[in-house]
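In: I would like the atomic coordinates for the input below:
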Amino acid sequence: MGIFQSSSVLCFVVDASASMGEEITQVKRITSFIIDSRRGTVDEPSAYVLVPFTNSDFGTVRRTEDPDVFKKYVNALSPGGGGGGDPEMSLSGLWEAAHRTLLIGHFHRTLPTGRCS
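Out: Residues are numbered from 1 along each chain as shown. Here you go, the predicted structure:
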């Protein structure tokens, strides 16, 4: 993380369904660019979270403070699972991402009424 301190978390929730091969290739390219362009700056995240999902499942959630380890997680993504008209698990993936990035308290306060308490 260099000499700067950051409390930001870079999180990607990625559709890894069978039909998403081209999109996953772009996610790999863009993620690498984002990480490399922020390394050693005040914008460098303190942690990285990856939550893949398909039409039938979500996870395994990966969290690390090492940008190179995160790049390995992202580069290991491959399309598979789901397809057709099955519902996607995107909201479950987003929920896991929120949980892993410490936003869960805010969501708990806003979900029941739609207003912050």
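In: just for this structure, where's the confidence low?
Out: Across the chain, the ranges flagged by pLDDT under 70 are 1-6, 55, 58-59, 81-117.
In: quick one: Val49 is in a helix?
Out: No: applying DSSP: H, G, I helix; E, B strand; the rest coil, one finds Val49 to be strand, outside a helix.
In: you'd agree it is up against Thr60?
Out: No: Val49 is beyond contact range of Thr60, at 11.5 Å (criterion: C-beta atoms under 8 Å). The way it works is simple: take the backbone N, C-alpha and C, and place the C-beta from them, glycine included.
In: looking at these two, which is more packed in?
Out: A side-by-side neighbour count of Val49 and Thr60, using other C-beta atoms under 10 Å, places Val49 first with 22 against 10.
In: and the closest residue to Tyr48 other than its chain neighbours, what element?
Out: The shortest distance from Tyr48 to any non-neighbouring residue, by C-beta to C-beta, 6 or more residues apart in numbering, is to Phe70 (3.7 Å). Phe70 is part of helix 67-75 when elements are defined by DSSP states H and E.
In: which other helices and strands does that helix contact?
Out: strand 9-15, helix 21-38, strand 47-53, strand 62-64 (3 or more C-beta pairs under 8 Å, 6 or more residues apart in numbering; DSSP states H and E).
In: Val74: which of those is closest?
Out: helix 21-38 (4.8 Å; C-beta to C-beta).
In: residues in contact with that closest one?
Out: 10, 12, 14-16, 44-45, 48, 67, 70-71, 74-75, 77-79 (C-beta atoms under 8 Å, 6 or more residues apart in numbering).
In: filter those residues to the buried ones?
Out: Using 16 or more other C-beta atoms under 10 Å as the burial test, the contacts of helix 21-38 include 10, 12, 14-16, 44-45, 48, 67, 70-71, 74, 77, 79 as buried.
In: what about the nearest residue to Val74 once chain neighbours are set aside, how many residues close to it?
Out: Sequence neighbours aside, Thr31 is the residue nearest to Val74 in space, at 4.8 Å (criterion: C-beta to C-beta, 6+ apart). The local packing of Thr31 (other C-beta under 10 Å) involves 22 other residues.
In: quick one: Thr31 and Ser56, what's the gap?
Out: Distance from Thr31 to Ser56, counting by C-beta to C-beta, to the nearest Å: 24 Å.
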